[in-house]
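Enquirer: take this sequence and fold it.
(chains A, B, C and D)
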2 protein chains.
Amino acid sequence: MKVLNKKTDYAVRALLSLASSPGRYLSAKVIAAEQEIPYQFLRRLLQELIHHGLVVSREGASGGFMLKRDPDGVAVRELIEIFQGPVQVSECLFRKQLCKNRARCVLRHQILRIERVVQNEFEKITIGSLLRDLEAAGKVPQQECIE
Amino acid sequence: MKVLNKKTDYAVRALLSLASSPGRYLSAKVIAAEQEIPYQFLRRLLQELIHHGLVVSREGASGGFMLKRDPDGVAVRELIEIFQGPVQVSECLFRKQLCKNRARCVLRHQILRIERVVQNEFEKITIGSLLRDLEAAGKVPQQECIE
DNA sequence: TTTAAATGATACCAATTAAGTATCAGTTAG
DNA sequence: CTAACTGATACTTAATTGGTATCATTTAAA
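Expert: Coordinates of the predicted model:
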């Protein structure tokens, strides 16, 4: 069970780059280098972010991308929805069809409860909050990625 | 973002069938009909459950499958791990390698927190608890699967 | 005015995974 | 003996994921 796919992961990191250079345009090249994201992949991803109104771009030489919204208003939850679709368990929820059997429903009910919890948690994590975490972590020299 | 795949979903339902016929062997055919699970798919799935020590089987005519363990001792969390791998966010956690950049780590840290919450929730949901929910729901005629 | 550095928009590709099907061999109750 | 089972495994098909490549357009600046 994988929670985040690469695209979401890259998007978060790209947005962190943009958020830490407010008011400036960063080129895809720079972001790619900074965050070690495959260049062409990143470019497609940035287009999607534009289409969803999260960033703006400037074309031409010395162009690039800039965060459009307040970093605290961009939740990881929204990014997950953009790149991995809505947090869901089954078709049942969306098609609003009757359950074929009750067993399925009982399980769904429990899962939906958990989904709400997860959504809530991801709603609380924003680019802004991550950026602050990042700055706080910056004071410690280097950290191991465990636990 | 999909939390449960079909295999896990089917497994839960198959186990619910088995749990509601304690001490009896149910054939794959019967379970498949009862839960509307594709027969051959179910059979492979049941083999996996055997290999993981959750059910036992009897071969030959009038053979079938039986739950091996206490229904309350079989958590959905375990089924997710069997059929979808451990609840994880990235390779980082398991390979215990150093983070290439701090941004990744900061996000990871938050995600791991959420993962623990999710794991805890799925640990609480067991075949036994679902069966009781099912019996309780059985008193109401038929329910719609919404929200 | 030319040019180099950008983005915009697509099209393509390879690997993996998910879901489902099919088959054959061995077992056993009746 | 045979029909109804499980055990094991191979195959298929479609979708998804992660990544690459290309061409057109825009623009700052030499």
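
Enquirer: next up, the contacts around the nearest residue to residue A:43 once chain neighbours are set aside.
Expert: Nearest non-adjacent residue to residue A:43, counting by C-beta to C-beta, 6 or more residues apart in numbering or on different chains: residue A:28, 4.9 Å away. In this view, the C-beta of every residue, glycine as well, is placed from N, C-alpha and C. Going by C-beta atoms under 8 Å, 6 or more residues apart in numbering or on different chains, residue A:28 touches A:39, A:42-43, A:46, A:64-65.

Enquirer: which among these end up buried?
Expert: Burial by neighbour count, judged by 16 or more other C-beta atoms under 10 Å in any protein chain shown, picks out A:42-43, A:46, A:64-65 from those.

Enquirer: which one of those residues sits closest to residue B:74?
Expert: Checking the buried ones among the contacts of residue A:28 against residue B:74 with C-beta to C-beta, the nearest one is residue A:42 at 43.4 Å.

Enquirer: quick check: phi and psi at the closest one.
Expert: In terms of degrees, to the nearest 10, the main-chain angles of residue A:42 are phi -60, psi -40.

Enquirer: what's the distance between it and residue A:68?
Expert: Using C-beta to C-beta, to the nearest Å, residue A:42 is found at 17 Å from residue A:68.

Enquirer: what of residue A:24?
Expert: In this view, residue A:24 and residue A:68 are 13 Å apart by C-beta to C-beta.

Enquirer: where is the longest helix in chain A?
Expert: In chain A, taking DSSP state H as the definition, the longest helix is helix A:102-124.

Enquirer: can you give me the buried ones in that one?
Expert: Within helix A:102-124, the residues scored as buried using 16+ other C-beta under 10 Å are A:102-108, A:110-112, A:114-115, A:118-119, A:121-122.

Enquirer: report whether the following helix or strand past it contacts chain B.
Expert: Scanning forward in sequence from helix A:102-124 by DSSP states H and E, the next helix or strand is helix A:127-138. Yes. Helix A:127-138 is in contact with chain B by C-beta under 8 Å from any C-beta of the partner chain, via A:130, A:133-134, A:137-138.

Enquirer: mind giving me the PyMOL command for buried ones among these?
Expert: Of the residues of helix A:127-138 next to chain B, the buried ones can be selected in PyMOL as follows, counting by 16+ other C-beta under 10 Å:
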select buried, chain A and resi 130+133+134
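
Enquirer: isn't residue A:81 right up against residue A:74?
Expert: No. Between residue A:81 and residue A:74 there is no contact under C-beta atoms under 8 Å: 11.8 Å.

Enquirer: shared neighbours, these two?
Expert: When C-beta under 8 Å, 6+ apart defines a contact, no residue borders residue A:81 and residue A:74 alike.

Enquirer: out of the two, which sits in the busier spot?
Expert: Per other C-beta atoms under 10 Å in any protein chain shown, whichever of residue A:81 and residue A:74 has more neighbours is residue A:74, with 26 against 17.

Enquirer: contact partners for that one?
Expert: Applying C-beta under 8 Å, 6+ apart to residue A:74 gives the contacts A:15, A:54, A:67, A:126-128.

Enquirer: could you look up the SS state of the most centrally placed residue in chain A?
Expert: For chain A, residue A:79 is the residue whose C-alpha lies nearest the centre (C-alpha atoms, centre = their mean; 3.2 Å). Under DSSP: H, G, I helix; E, B strand; the rest coil, the three-state class of residue A:79 is helix.

Enquirer: about what we covered before: so for residue A:24 and residue A:68, which residue has more residues nearby?
Expert: Neighbours of residue A:24 and residue A:68, each counted by other C-beta under 10 Å, are more numerous for residue A:68; the result is 16 against 11.
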